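Participant: Just to be clear, the model below is a prediction. Sequence and coordinates:
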Amino acid sequence: MENFNEIISAIAIDRGLDESVVKQILEEKLLDFAAKKYGNRDSLKIQIDQNGSFEVFLEKRIVQDSNYYSFYEIKLSDAIKRKKDAKVDDLIKEVLPFNLEAFEINKLYVELKQQLNKLQKEKEYSFFYEKMHTLGVGYVQKLDRSEAIISFPDNSGEAVLPKNKMLPNDIIKKNSYIKFFIEDVRKNFDKQILLSRTHPNFLRELLKNEIHEIAEGIIEVCSIARDPGSLSKVSVRTNRMSIDPIKICIGDRGVKIHNITKELAGEKISFVLADKEDRVPQNIVNAFAPCDVIKVTEISKNRYEVVVADQDFSKAMGRGGQNVSLVKKLCGVASITLITEENEKNNTKNLLQKRTQELVDHLQIEEMMAHLLISENFETAEIIANSSNEEIATLNGFDEELAETLIFRAKEFLEKEREALKNSLEKENKDVSLFSMQNLTTNQIKLLNKNDILSKMELSMLDAVELMEIFDKANLNLDFETSCNIITLARNIKPKKTGGING
């Protein structure tokens with residue numbers, strides 16, 4: 001017969017569980033087997049004695065002989081034979097004959113293991129959920145091409161470090177210790193604990209360990225951008241005027257980040273000063289230091305054009321675009337277009353020539369007048385058509401009559417352009433229902449057509465955010481309210497009339 005006490009003790013030590021917990025689960029499983037033979041599981045009891053053997057018994061209620069009806073009761077006369085002081089309504093223990101066959105013991109072990117695995121996973125999840133997003137140290141138990149299995153020193157569980165979460169230069173050896181970031185703890189997964197050495201917050205936690213000013217909150221780490229194993233940018237700031245956060249983080253001769261660089265397999269760390277007011281353009285300028293940034297322009301929502309000195313372009317770009325990619329991540333922007341000062345001048349010149357010629361052609365005016373309009377931000381026929389006489393008449397050398405003429409010519413040109421585009425599409429047997437929407441300009445219709453939106457029906461299937469994204473990709477701003485209005489009209493939804501009373 002199996003000594004269940006020895007089994008309980010061995011399992012408890014191996015699994016890191018209390019013996020009382022293992023014993024309770026084992027008793028529950030034994031009870032399941034006994035219930036298959038005797039039924040009525042709730043009435044059965046299991047007890048494992050000091051010798052490691054077990055017995056199955058019933059606690060029968062004592063009743064008057066005349067009231068005896070059930071197998072789960074015992075007559076008072078029979079109870080007195082076993083226990084002289086027995087009384088009605090007392091409970092008396094009756095051991096039932098029960099033994100486990102060899103195949104039942106094997107089945108018991110399988111079910112016990114499954115239950116313990118489930119319990120251990122739940123315990124592991126609860127324990128590590130509180131440790132998620134922190135630094136840890138573990139023992140490399142198993143290593144293959146796809147992952148490393150890491151066990152924890154306190155035998156609290158196992159975790160997986162996937163290959164794509166290792167640093168490219170990592171030299172990980174079996175039976176060695178390794179530091180990591182607990183990235184995620186997933187419930188009901190075979191491998192619940194997911195580790196990482198590439199996550200930006202792995203570096204954040206290492207910085208806390210090595211630089212006490214960061215750990216104490218004197219210096220704030222605002223953001224981190226990593227090209228794991230190669231280069232990281234860390235933006236920092238402090239409210240204390242007397243200290244230089246970058247100098248503090250680096251330390252004398254880089255002593256403070258030496259251990260971190262070593263832990264990250266040679267990954268270089270560059271510290272950047274974060275703007276105290278968190279202005280994106282200023283953060284971009286700081287992130288490109290020591291490169292000379294001439295100008296930062298937001299060309300559309302969260303997309304920036306950065307002009308750098310000609311001699312700094314290669315350094316600002318970095319090998320394979322690495323530096324500009326890290327700056328983009330560090331500053332939390334969608335894109336950064338990097339150009340040289342010379343190219344920016346050429347682009348500005350070309351754009352000015354293009355817009356000047358368009359105004360000359362569209363409004364039938366002299367080049368000098370076109371230059372003057374552009375210098376005052378009246379750059380296109382569309383802008384002029386939507387302006388008032390007073391706005392244009394206030395310009396130097398302009399009057400009401402000239403302003404009225406220019407606005408008339410701009411509107412006339414836009415109407416002809418719109419009609420020409422519509423006729424062109426009709427000849428190609430294409431849907432022209434977008435032209436019935438007066439809140440769409442001709443240029444907006446052209447952009448929608450480029451994105452395969454050719455009808456009101458197709459436009460109505462978009463939501464406001466999707467429409468904004470189309471315009472944003474074309475470097476055109478479209479605010480949320482305007483986008484909503486366009487979608488609403490495409491769906492033929494009219495505002496409800498309010499304030500009227502039917503009589």
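Facilitator: It's in.
Participant: any idea of the mean pLDDT for the helix or strand containing residue 472?
Facilitator: Per DSSP states H and E: residue 472 is located in helix 464-473. The average pLDDT within helix 464-473 is 88.
Participant: Just the buried residues of it, please?
Facilitator: By neighbour count on 16 or more other C-beta atoms under 10 Å, the buried set for helix 464-473 is 464, 467-472. Placement of C-beta: from N, CA and C, glycine included.
Participant: And stretch 449-460, by the same measure?
Facilitator: Within stretch 449-460, the residues that qualify as buried are 453-454, 456, 458-460, counting by 16+ other C-beta under 10 Å.
Participant: Figure out how far that stretch is from the centre of its chain.
Facilitator: Centroid displacement of stretch 449-460 relative to its chain, using C-alpha atoms, centre = their mean, to the nearest Å, is 32 Å.
Participant: Equivalent analysis for stretch 45-53, please.
Facilitator: Distance, stretch centre to chain centre, for stretch 45-53: 52 Å (C-alpha atoms, centre = their mean).
Participant: how about that stretch: buried residues?
Facilitator: 45-46, 48.
Participant: Can I get that stretch in CSV, CA atoms only?
Facilitator: What follows is stretch 45-53, C-alpha atoms only, in CSV (Å, rounded to 0.1, in the frame of the first residue of the first chain):
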residue,chain,number,x,y,z
LYS,A,45,-15.3,11.3,4.4
ILE,A,46,-11.6,10.6,3.8
GLN,A,47,-8.9,10.4,6.4
ILE,A,48,-5.2,9.8,5.9
ASP,A,49,-3.6,8.6,9.1
GLN,A,50,-0.1,8.9,10.6
ASN,A,51,1.1,5.7,8.8
GLY,A,52,0.2,7.2,5.4
SER,A,53,-2.7,4.9,4.8
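Participant: Helices of the stretch 1-150 of the chain, start to end?
Facilitator: 4-15, 19-38, 76-82, 102-129 (DSSP state H, counting those that start in this stretch).
Participant: Kindly present the buried residues of stretch 449-460 as a markdown table, with separate columns for secondary structure, distance to residue 106 and pLDDT.
Facilitator: Formatted as a markdown table, those follow (DSSP: H, G, I helix; E, B strand; the rest coil; distance: C-beta to C-beta, whole Å; pLDDT from 0 to 100):
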| residue | secondary structure | distance to residue 106 | pLDDT |
| --- | --- | --- | --- |
| 453 | coil | 66 | 91 |
| 454 | coil | 70 | 88 |
| 456 | helix | 71 | 90 |
| 458 | helix | 65 | 91 |
| 459 | helix | 68 | 92 |
| 460 | helix | 66 | 91 |
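Participant: need the contact list for residue 175.
Facilitator: By C-beta atoms under 8 Å, 6 or more residues apart in numbering, the contact list for residue 175 reads 139-140.
Participant: Confirm that it sits in a helix.
Facilitator: No. Applying DSSP: H, G, I helix; E, B strand; the rest coil, one finds residue 175 to be coil, outside a helix.
Participant: What are the phi and psi values at it?
Facilitator: phi 70, psi 20 (degrees, to the nearest 10).
Participant: what do you get for residue 68?
Facilitator: Main-chain torsions, residue 68, degrees, to the nearest 10: phi -80, psi 120.
Participant: how far away is the closest residue to residue 23 other than its chain neighbours from residue 19?
Facilitator: What sits nearest to residue 23 in space, not counting adjacent residues and going by C-beta to C-beta, 6 or more residues apart in numbering, is residue 8, at 5.1 Å. Distance of residue 8 to residue 19, given as C-beta to C-beta, to the nearest Å: 5 Å.
Participant: Could you do residue 253 as well?
Facilitator: Distance from residue 253 to residue 19, by C-beta to C-beta: 55 Å.
Participant: Neighbour count for those two, which is higher?
Facilitator: Between residue 253 and residue 19, counted using other C-beta atoms under 10 Å, residue 19 has the larger neighbour count: 13 against 7.
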